[in-house]
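**Student:** need coordinates for the below:
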Amino acid sequence: MFKKVFTTVCLLGITLTISGCHSDEAKVDIYVLTAASMTEAMEDIKKLYEKEHEDVALIPSYGSSGQLKDQITQGAPAHLFLPAALTWMEELDRESVILEYDPLLENELVLIKGNHIETDMTTLEELEADEIASVAIGHPDIVPAGSYAIQALEERELYEALSDKIIFASNVREVLTYVETGNADAGLVYKTDAYSSDNVDIVTIVGGHDAILYPIGLLEDAAETTEARDFYEWLQTEEALAIFASYGFGVR
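**Tutor:** Model (predicted):
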């Protein structure tokens, strides 16, 4: 049943980016559901880990943390879960889907603008200026970065004032793309996302929101898979954490 569900997700490709739906039959498949903001880091980890463990095929799926959580509860194969907020991990824990989880990484929220926007903007308050026609943020129901963004805007009493300018995206990487392509003049993304792009400028680090914590969870599907636990434990080693740090993540 799991294989059929996952194949459907791969074919539809709705809002998730899935790296490799099928792997070598001789290898042990480990499904890793990963927040979109960790894409580049996880791809580097995948290459390194598979090189050192030739019997393992890592199959990451990237998307918004809320959508990935829903995929888990709907029966998609999943051994590890790396969301961009504790909320989704705690929810799965209450549903007894998680064997164990630990804090792993930290991040920061930043305001970015497109290179096409000529302004000396330095604060969130300047989003109200006429030069800024649109502001992209993640949809708060499924994207942790969107929840953090709304917290920050509400703390400054800006959310209502900017309501006509706000464009909601299905994950934080979509926010970045909107700003890169000029479909939004500014946006709120993680610092690590901004670092990955040459087409946006970081205006300022944004405070006024909950701490941005990335936990790592071992799921029920991993109970019979020694290789999944091995990878879970390896992700918490200095070797793996150094890769995350190279992309701007803070290490817990």
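
**Student:** tell me the SS of the most far-flung residue of the chain relative to its centre?
**Tutor:** Distance from the C-alpha centroid of the chain peaks at Asp130, with 31.0 Å (Cα atoms, centre = their mean). Using DSSP: H, G, I helix; E, B strand; the rest coil, the structure places Asp130 in coil.

**Student:** from now on call the first residue 69
**Tutor:** I'll keep to 69 as the first residue from here, and by that count the last item is Asp198.

**Student:** ramachandran angles for it?
**Tutor:** Here is the backbone geometry of Asp198 (degrees, to the nearest 10): phi -60, psi -30.

**Student:** how about Glu194?
**Tutor:** phi -70, psi 0.

**Student:** show me the contacts for it.
**Tutor:** Each residue near Glu194 by Cβ atoms under 8 Å, 6 or more residues apart in numbering is listed here: 187, 200. (Glycine included, C-beta is placed from N, CA and C.)

**Student:** Leu244: neighbour count?
**Tutor:** 26 (other Cβ atoms under 10 Å).

**Student:** what sits against it?
**Tutor:** 180, 255, 257, 261-262, 264-265, 268.

**Student:** let's see it at 10 Å
**Tutor:** By Cβ atoms under 10 Å, 6 or more residues apart in numbering, the contact set of Leu244 is 104-105, 180, 204, 213, 237, 252, 255, 257-258, 261-262, 264-265, 267-268.

**Student:** what helix or strand does it sit in?
**Tutor:** Assigned by DSSP states H and E, Leu244 belongs to helix 240-248.

**Student:** pull the CA atoms of that helix into PDB?
**Tutor:** Output of helix 240-248 as PDB, limited to C-alpha atoms (Å, rounded to 0.1, in the frame of the first residue of the first chain):
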ATOM      1  CA  VAL A 240       9.300  28.900   1.700                       C
ATOM      2  CA  ARG A 241      11.200  28.100  -1.500                       C
ATOM      3  CA  GLU A 242       8.200  29.300  -3.500                       C
ATOM      4  CA  VAL A 243       8.400  32.600  -1.600                       C
ATOM      5  CA  LEU A 244      12.100  32.900  -2.700                       C
ATOM      6  CA  THR A 245      11.200  32.200  -6.300                       C
ATOM      7  CA  TYR A 246       8.400  34.800  -6.300                       C
ATOM      8  CA  VAL A 247      11.000  37.500  -5.200                       C
ATOM      9  CA  GLU A 248      13.700  36.200  -7.500                       C
END
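
**Student:** just the helices in the stretch 69-218 of the chain please.
**Tutor:** Ranges of helices in the stretch 69-218 of the chain, per DSSP state H, counting those that start in this stretch, are 70-80, 107-120, 133-141, 154-162, 212-223.

**Student:** out of those helices, which is closest to Asp289?
**Tutor:** Closest to Asp289 of these is helix 70-80 (Cβ to Cβ; 7.8 Å).

**Student:** for Glu118, see how far away Gly285 is.
**Tutor:** Distance of Gly285 to Glu118, computed by Cβ to Cβ, to the nearest Å: 21 Å.

**Student:** swap in Asp161?
**Tutor:** Distance check for Asp161 against Glu118: by Cβ to Cβ, it reads 29 Å.

**Student:** now swap in Gly182 and tell me
**Tutor:** Taken as Cβ to Cβ, the span from Gly182 to Glu118 is 36 Å.

**Student:** between those two, point out the one with more neighbours.
**Tutor:** A direct count of neighbours by other Cβ under 10 Å for Gly182 and Glu118 places Gly182 higher, at 20 against 16.

**Student:** now do that one, the pLDDT please.
**Tutor:** In the prediction, the pLDDT value recorded for Gly182 is 90.
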